[in-house]
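In: build the 3D model from these lines:
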Amino acid sequence: MGERFRYAKGRIVDTIEFILKEIEDYKTFFGTVSYEDYVKCEDILKIKALEKTIENILTALIELSGTISIEERKKIENYYSALKTGATIVGLSEKETEDFAELAFERNNLVHRYLDLKWNAIKAFQEKLPLIVKFVKKTYEYYRKKNIDKGKHK
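Out: Numbers count the residues shown, from 1 in each chain. Here you go, the predicted model:
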């Protein structure tokens with residue numbers, strides 16, 4: 001599975017910027033969504049946009065985690081291990097790492113399932129959004145420090 005992330009090598013900052021922009025869009029256009037809002041919304045395009053925005057963020061987090069894992073020569077078995085390894089590399093706590101890695105399951109539920117499981121994925125995303133932001137910031141710090149140490153970026 002590691003080969004899957006090699007194409008993104010060197011695109012860490014681009015991926016971080018994409019995630020932050022998607023999070024900004026999510027907050028601007030959707031805010032916090034309740035189950036009632038979700039199931040009663042008659043605007044199917046808004047629902048699809050909500051689901052797709054979250055899917056984009058979760059997929060980009062997997063890409064970002066997988067890329068830094070591969071750069072650190074860590075073996076990646078699946079999306080869960082990509083998120084778990086990435087979170088460990090950037091220094092999230094053990095509990096935060098486990099919570100963060102579970103987003104792989106939520107991403108799969110969002111992409112491959114129906115209404116109830118999609119809602120569970122949306123709810124988990126909303127609950128873990130502060131953790132997601134923390135991971136992205138720590139990844140940027142990790143990347144910046146690593147490249148300063150190599151004399152690439154200042």
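In: low-confidence regions, this protein specifically.
Out: Applying pLDDT under 70 to the chain flags residues 1-10, 114-115, 149-154.
In: in stretch 130-139, which residues are buried?
Out: 131-132, 134-136, 138-139 (16 or more other CB atoms under 10 Å). C-beta here means a position set from N, CA and C on the backbone, and glycine is covered the same way.
In: what is the nearest of those residues to Thr28?
Out: Using CB to CB, Ile132 comes nearest to Thr28 of these, at 16.2 Å.
In: tell me the one of the buried residues of stretch 130-139 nearest Val39?
Out: Ile132 (24.1 Å).
In: ok, and the closest non-adjacent residue to the closest one?
Out: Among residues not flanking Ile132 along the chain, Leu61 sits closest, at 6.7 Å (CB to CB, 6 or more residues apart in numbering).
In: distance of that neighbour from Glu24?
Out: The gap separating Leu61 from Glu24 is 15 Å, by CB to CB, to the nearest Å.
In: okay, these two: which has more neighbours?
Out: Leu61 (25 against 10; other CB atoms under 10 Å).
In: next up, the contacts around the more buried one.
Out: Under the criterion of CB atoms under 8 Å, 6 or more residues apart in numbering, the contact list for Leu61 reads 19, 83, 86, 103, 132, 135-136.
In: in three-state terms, label Arg73 for me.
Out: Secondary structure state of Arg73, per DSSP: H, G, I helix; E, B strand; the rest coil, is coil.
In: please disregard the earlier target; I meant Glu24.
Out: Per three-state DSSP, Glu24 ends up helix.
In: just the element for Leu50, please.
Out: helix 44-71 (DSSP states H and E).
In: could you export the contacts of Leu61 as CSV, including distance to Glu96 and secondary structure?
Out: Listed next are the contacts of Leu61 as CSV, based on distance: CB to CB, whole Å; DSSP: H, G, I helix; E, B strand; the rest coil:
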residue, distance to Glu96, secondary structure
Ile19, 17, helix
Leu83, 11, helix
Gly86, 12, helix
Leu103, 11, helix
Ile132, 11, helix
Phe135, 8, helix
Val136, 13, helix
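In: how much space separates the spatially most central residue of the chain from Gly31?
Out: Among the residues of the chain, the one closest to the centroid is Leu61, at 2.8 Å (CA atoms, centre = their mean). From Leu61 across to Gly31, the span is 20 Å (CB to CB).
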